[in-house]
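1. coordinates only, sequence not included:
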Ligand code: TXA
Ligand code: MG
């Protein structure tokens, strides 16, 4: 039902950023670099643009989007931030943190952005190109990760094009994403912070600012952040915590014990490097068309987010209705 369109590739110079802002203002979709992953950006106030985001990704309409803003002040206009949310924003914005808070009356967002929930997910990204685009556009930008729903998230313009070329107006080329896993999502229950998704800001970093309440089981009726059983799914079968792969498997290593692995998250065992490389390595491994075996990754720091994404990549049931019908294509 969506018309095929030419996808422009825009450079991250002032003219490219200005062009991207004009496309957003015209209700078009632009893949925007952030420090976590590329986002599929559209005007969060425009119901048609928001509908186009869901259509381009093949995303279920019950799964709400993150709204990206240039500043904490802009976030305060849209939502009622609990005190702890403000402390977290002051500590980690701009950056890889998303806060979920109650909507303010008169927020002006298209209802589909929040999937009808009374709360909204907000983030102020740190990537200078995202900052420049958000400032130039001057309004709230809805942006889920710029991949077909259920597929591996994009950390380069090539990843975006492999999944969404012909379905979006442009990709703004901000290079390779430095963090490489999506933002940490924190919500609030009775004012107490709850971790909804592991991500680019570690639990240990969060603990410097506030005490997280224990995570409760994800609700069954709404889609909590990235909590669909299978997500980030390569086409190939994925096995985890493998120190001795089988002959037909592509082994993805971590650390110096895996020097024979053809692909590695980090040869030195650096979790920051491993997070930055995770999705690119999964894209590469998947393009080889063989089953994938991944070495153990420690659960500390960014390892928690890496292991979360790996568990979803390994989860069975990728062919269910929550996934777009377009498979990951080789870059
Ligand atoms: O780093 C990131 O967070 C990237 C970049 C582009 O900002 N975005 C991203 O978006 O990962 P997405 O759509 O792939 O994941 C957003 C998650 C979803 O799992 C959604 O369920 C959750 O945020 N979410 C959005 N609004 C919510 C709300 N009101 N309550 C609970 N969860 C919400
Ligand atoms: Mg996503």
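-> Looks like it came in fine. All figures in this text were calculated on a predicted structure; none of them were measured in a lab. Ligands and ions are numbered 1, 2, ... in the order given.
2. got the phi and psi for the residue of the chain positioned farthest from its centre?
-> For the chain, the residue at maximal distance from the C-alpha centroid (CA atoms, centre = their mean) is residue 247, at 32.8 Å. Main-chain torsions, residue 247, degrees, to the nearest 10: phi -60, psi -40.
3. gap between it and residue 254?
-> Relative to residue 254, residue 247 is positioned 20 Å away (criterion: CB to CB, to the nearest Å). Quick note: C-beta positions are derived from backbone N, CA and C, even for glycine.
4. residue 270 too?
-> 9 Å.
5. those two - which one has more neighbours?
-> A direct count of neighbours by other CB atoms under 10 Å for residue 270 and residue 254 places residue 254 higher, at 24 against 15.
6. next to ligand 1, which bits of the stretch 51-200 of the chain? Give me the list.
-> Within the stretch 51-200 of the chain, the positions lying close to ligand 1 (CB under 6 Å from any ligand atom) are 63-66, 98, 100, 114, 117, 119-121, 123, 143-145, 182-183, 185, 187, 196.
7. just the ones of the residues you listed in helices?
-> The helices, defined by DSSP state H, take in nothing from these.
8. now restrict these to buried residues only.
-> Listed as buried from those are 63-66, 98, 100, 114, 119-121, 123, 143-145, 182-183, 185, 187, 196; burial here means 16 or more other CB atoms under 10 Å.
9. what's the burial count for residue 74?
-> By other CB under 10 Å, the residues close to residue 74 number 17.
10. swap in the one 5 residues further on?
-> Applying other CB under 10 Å, we find 22 other residues in the vicinity of residue 79.
11. closest residue of the stretch 101-250 of the chain to ligand 1?
-> As assessed by CB to the nearest ligand atom, ligand 1 sits closest to residue 144 within the stretch 101-250 of the chain, at 2.9 Å.
12. quick check: that residue vs residue 138, distance?
-> According to CB to CB, residue 144 and residue 138 sit 21 Å apart.
13. residue 115 too?
-> 25 Å.
14. who's more crowded, the two?
-> Ranked by neighbour count (other CB under 10 Å), residue 115 and residue 138 place residue 115 first, with 16 against 12.
15. can you pull out the low-pLDDT segments for this protein?
-> Within the chain, the set of residues satisfying pLDDT under 70 comprises 1-2, 215-232, 317-331.
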